[in-house]
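Undergrad: Pasting a predicted model and its sequence here:
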Amino acid sequence: MQLQFAMDTLTTEAALELAAAAAPHVDILELGTPLIKSAGLSAVTAIKQAHPDKIVFADLKTMDAGELEADIAFAAGADLVTVLGTAGDSTIAGAVKAAEKHGKGIVVDLIGVPDKAARAKQVVALGAAFVEMHAGLDEQAEEGFTFSTLLDDGKASGVPFSVAGGISVATIASVQDAGATIAVAGSAIYSAPDVGEAAAALRAAIREG
C-alpha cells in the first residue's frame, strides 16, 4: 500500500517546505484543492520540479470541462488529477481522454456520492485509474460520521481505491486490511510538530509485502 500526503496549505512556499520534510517517507505528494485555488497550477509545477521522483497529485475536484482542466494540470506537471464522482460521465470520460494523451491518470473522488461502491464501478469502467473513498473535513466533523463506512464502501466496490479522511497511525492498518491501494494522510502529517517524523511513523505502520 502506498502513502499519499495531502498538503492542505495555501502557499507554494509552505507546500515545498512540507514536501521536503515528508518526501523520504511518502509515495505521492498531493496538492490540496485550497492550495491550487490559492497558488494556482504553478504550485504543481514547483512540487514536480522539486520532487521529480514522486507522483504528484493535483486535487482539482473537477466538476465540468473535464478534458480541458485535466489537460492543463497534466501540462503543469501533475501525474494524477481528480474529477468528482458526482460529475457527469462525459466529464469523467473527457478527463480520461486527457490522461491518455499525457500518459497520466484520473482519480475519481467520491466525496458526496451516496452509493460510493456503485459509482466506483461505473467510473473505473469509464477509465479512471482508481477511486478515492473520501470524507471531507466538514463530513468528518458531522455527528454520526464513522471511518469504517469508507472502508466498507471500498471493499464493496471491487475496484482499486484509496481512502482519505481520518487516516492516522491508529487507523492505517485497517485501511490496509480493507484492501486499499493508497492511504491518504493530511492533518496527521502536516499538523504534527515534526512533519518528517509523523510521515515516517505512518510509513512504519504499513506492513510490507
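TA: Everything's here; your move. Numbers count the residues shown, from 1 in each chain.

Undergrad: okay but Ile167 is in contact with Ala185, surely?
TA: Yes. Applying CB atoms under 8 Å as the test, Ile167 and Ala185 come out as touching, 4.3 Å apart. Any C-beta I mention is one placed from the backbone N, CA and C, and that applies to glycine too.

Undergrad: what do those two both touch?
TA: Leu202 (CB atoms under 8 Å, 6 or more residues apart in numbering).

Undergrad: distance between the lengthiest helix in the chain and the chain's centre?
TA: Using DSSP state H, we find that the single longest helix of the chain is helix 89-102. Here the centre of helix 89-102 is set off from its chain's centre by 17 Å, with CA atoms, centre = their mean, to the nearest Å.

Undergrad: Could you do stretch 178-189 as well?
TA: Worked out by CA atoms, centre = their mean, stretch 178-189 lies 9 Å from the chain centre.

Undergrad: Keeping just the C-alphas, turn the lowest-mean-pLDDT helix or strand in the chain into CSV.
TA: In the chain, no helix or strand scores lower on mean pLDDT, DSSP states H and E than helix 137-140, which sits at a mean of 84. Taking C-alpha atoms only, helix 137-140 is exported to CSV below (Å, rounded to 0.1, in the frame of the first residue of the first chain):
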residue,chain,number,x,y,z
LEU,A,137,-13.2,17.8,6.7
ASP,A,138,-16.8,19.0,7.0
GLU,A,139,-18.2,15.5,6.9
GLN,A,140,-15.7,14.2,9.4
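
Undergrad: How about residues contacting that helix?
TA: Contacts with helix 137-140, where a contact means CB under 8 Å, 6+ apart, come from 111, 145, 165-166.

Undergrad: likewise stretch 188-199?
TA: 3, 5, 7-9, 18, 21-22, 24-26, 167-169, 185, 202.

Undergrad: go with 10 Å
TA: Applying CB atoms under 10 Å, 6 or more residues apart in numbering, the contact partners of stretch 188-199 are 3, 5-9, 14-15, 17-26, 32, 166-172, 185, 187, 200-202.

Undergrad: Can you select the buried ones from the contacts of helix 137-140 in PyMOL?
TA: The following PyMOL line selects those of the contacts of helix 137-140 that are buried, judged by 16 or more other CB atoms under 10 Å:
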select buried, resi 111+165+166
